[in-house]
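Fold the following and give me the result.
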Amino acid sequence: MLDKLAVGLHNRMVAAGVEKAPSAAVIKYAFDILTNTLSAAIAALLIGAFTGEFRSTCFALLVLAVIRYMSGGYHLKSSLLCASVSTLTLVAIPHIPVADAWMPYLTGFAVVMMLIFAPANYDTYATLPARYYPLLKVLSALFVASNFLVHSDIMTVVFVLQSMLLLFKEGGEAE
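Got it, this is the predicted structure:
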């Protein structure tokens, strides 16, 4: 289905005279990413609503999207596996309590990890020029450090999880 949409969109762009129209394969890849992201987000929000944690799941989704964009990280090889793991992770996060005494240590750990490893795998999956990588590193660390002020269980879990995903260097979406 996405193949037909991608080919149709490509053909319409070429017929309309769009210079440098992306290939159907590139359009399909973009559709795959969009479908994967939306299905994981919608499924997580529905399950979050069912478990009574809709607002917390929304917050986890927002925090994860922002830190993931800034810091990069591991990509699973299968879109279906990625959507499944993302959904389960987003649904679980609001249900993981963090002791107040541990929060500063875990947040500090995540800040250090961001300063050392972020942005990870950006050269493979993003189109942002490498000259912005130091800025992404600082922004990632500052965003994580904001949890010293916010003191959020959800942010702590998201940041520790994301900091661990920076360690893996292999991966990629399968076609």
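
State the number of residues packed around residue 82.
Burial of residue 82 is recorded as 22 neighbouring residues (other Cβ atoms under 10 Å). Placement of C-beta: from N, CA and C, glycine included.

Need the three-state assignment for the residue nearest to it when sequence neighbours are not counted.
Counting by Cβ to Cβ, 6 or more residues apart in numbering, the nearest residue to residue 82 once its immediate chain neighbours are dropped is residue 76, at 4.2 Å. Assigned state for residue 76: coil (three-state reduction, DSSP: H, G, I helix; E, B strand; the rest coil).

how far away is residue 76 from residue 89?
Using Cβ to Cβ, to the nearest Å, residue 76 is found at 11 Å from residue 89.

returning to that earlier point: for the residue nearest to residue 82, phi and psi?
phi -70, psi 160 (degrees, to the nearest 10).

quick one: least confident helix or strand in this structure?
Across the helices and strands of the chain, the lowest-confidence element by mean pLDDT, DSSP states H and E is helix 122-125, at a mean of 70.

Downstream of that one, the next helix or strand is which one?
Following helix 122-125 in sequence order, the next helix or strand is helix 133-145 (DSSP states H and E).

quick one: contacts of that following helix?
66-67, 70-72, 107, 110-111, 114-115, 118-119, 122, 128, 159, 163 (Cβ atoms under 8 Å, 6 or more residues apart in numbering).

Go again with 10 Å.
Defining contact as Cβ atoms under 10 Å, 6 or more residues apart in numbering, one finds that helix 133-145 is touched by 63, 66-72, 107-120, 122-123, 126, 128, 132, 155-156, 158-160, 162-163, 166.
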